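> Below is the sequence, then the predicted model.
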Amino acid sequence: MKKTIILFIFAMLFVSCDDDTSSNNTNNTNNTNSNNINNSNNTNNTNNTNNTNNTNNTNNINNQSGPPLLGGCEILPADNPWNTDISAYPVHDNSDNFIASIGANGHLHPDFGTVWEGAPIGIPYVLVSNETQLSTVDFEYADESDAGPYPIPDNPPIEGGNDSDGDRHILMLNTDTCTLYELYYAWPPGSSENPSSDWYAGSGAIFDLSSNDLRPDGWTSADAAGLPILPGLVRYEETVIEGEIRHAIRFTVSQSQAGYIHPATHFASSSTDPNRPPMGLRLRLKSDFDISGFNPTVQVILTALKKYGMIVADNGSNWYLSGSPDSRWNDEDLSELGQIPGNAFEVVYTGDILTTTSK
């Protein structure tokens, strides 16, 4: 009898210890580093990184609900076009010609990752607060820019790095107000390309992330299409840690037409060729395209492309998908996106092409 009681107590202690260990592992896995301020240098909290960096587990933390979250903010309402499931939308009547214009025999390319030639690959963002110093920004295209001021922190992450001569986007998300601030071609005071004594940028836009309001028709933003950039970026946390992307993805084309489809509000072309893609055109990966042979990270991205699709947002290289840089990306895994041909996509109808300008 005494032996039976001792064995029973030992068994109960073993079960209790096992439950505590499981609970701690769950908490480590669900920590998505939302408090890490600078995503482009997001290498802190190494314990969490080690617990969640196994891409074989990405499909174990999916099926989230609601709009994407970042820093405690919903990235636009659930019914916003960026967050809308378009898997059942009708195919556009001109789909074949649009795909041919972009390049039916071309392939996807991940325009994000770790580092290339000393600079982070992708468009970085930074989380700020009401305590962040506000800065005046002078604009080249002031008539279509939001005046600000903008919460630019010290040494903000700039697309391409501080010495870049590219688009030089700066994206700032105020997590106290859930307001998104975005700048294009941004230069700090005292830099060689800055004709002002304040910060200087080509254009800038401010978005209330609780609202579906669009910019005025004909207005640009920090992006050629007049769209916000951050909602369309592929981020490491959602892709690898959460295992699910719940929004459309931003991408670029080399030749567009002088037109746009809402939620885009601006075009950046003089071409009247009806077969070129307008800004805001929405594509999706065909439902019968087999993604089972790709690595788990790429499967998450391709699943989102089937459900939410991707949106033409700027002129650039054809089929370039946008994302944020992160030292934890596996560039070799991401390179498998280059196996997806253009003819695996179709264009869906989301609205008429508009040509209104701001002039």
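Sure, I can see it. This one's a predicted model, so the numbers in the text were calculated from it and none came from an experiment.
> Show me where this protein has its helices.
For the chain, helices defined by DSSP state H occupy the ranges 2-30, 46-52, 95-102, 236, 296-307, 331-334.
> Kindly state the beta-bridge partners for the spatially closest residue to Val91 that is not a sequence neighbour.
Excluding the flanking residues, the one nearest Val91 by C-beta to C-beta, 6 or more residues apart in numbering is Glu346, at 5.3 Å. Every residue, glycine included, has its C-beta placed from N, CA and C. Taking DSSP bridges as the rule, Glu346 bridges to Arg284.
> separation between Glu346 and Ser324?
27 Å (C-beta to C-beta, to the nearest Å).
> Compare these two (neighbour count), which wins?
Ser324 (26 against 18; other C-beta atoms under 10 Å).
> Dihedrals phi and psi, the more buried one?
phi -100, psi 150 (degrees, to the nearest 10).
> That one and Gly122 touch, don't they?
Yes: with contact defined as C-beta atoms under 8 Å, Ser324 counts as touching Gly122 (5.0 Å).
> Can you pull the poorly scored residue ranges out of this protein?
Within the chain, the segments meeting pLDDT under 70 span 1-64, 359.
> List the residues that contact the nearest residue to Leu283 once chain neighbours are set aside.
Leaving aside its chain neighbours, Leu283 sits nearest to Phe345 (4.7 Å; criterion: C-beta to C-beta, 6+ apart). Residues in contact with Phe345, defined by C-beta atoms under 8 Å, 6 or more residues apart in numbering, are 99, 283-286, 305.
> Tell me how far Phe345 lies from Phe207.
27 Å.
> Could you find the closest non-adjacent residue to Ser95?
Per C-beta to C-beta, 6+ apart, closest to Ser95 is Val347, 4.0 Å.
> and what of Pro151?
Here the residue nearest Pro151, using C-beta to C-beta, 6+ apart, is Thr132, at 4.0 Å.
> what do you get for Ala224?
Using C-beta to C-beta, 6+ apart, the closest residue to Ala224 is Ala268 (4.0 Å).
> I'd like the distance between the one you found and Gly148.
Taken as C-beta to C-beta, the span from Ala268 to Gly148 is 23 Å.
> what about those two, which has more around it?
Gly148 (20 against 15).
> ok, now which ones touch Leu354?
217, 259-262.
> out of those, which is most surrounded?
Neighbour max across the contacts of Leu354 (other C-beta under 10 Å) = Tyr260, 29 neighbours.
> so the residue nearest to Ser95 makes contact with Leu283?
Yes: using C-beta under 8 Å, Val347 makes contact with Leu283 at a distance of 5.4 Å.
> which residues are in contact with both of those two?
98-99.
> ok, those two, which is more surrounded?
Leu283 (28 against 23).
> what about that one, distance to Asn315?
Per C-beta to C-beta, Leu283 is found 16 Å from Asn315.
> ok, the residue lying closest to His262 once chain neighbours are set aside - contacts?
Distance criterion C-beta to C-beta, 6+ apart; nearest residue to His262, sequence neighbours excluded, is Gly351 at 5.3 Å. By C-beta under 8 Å, 6+ apart, Gly351 lies in contact with 261-262, 280.
> now do Val128
37, 151, 153, 172-175.
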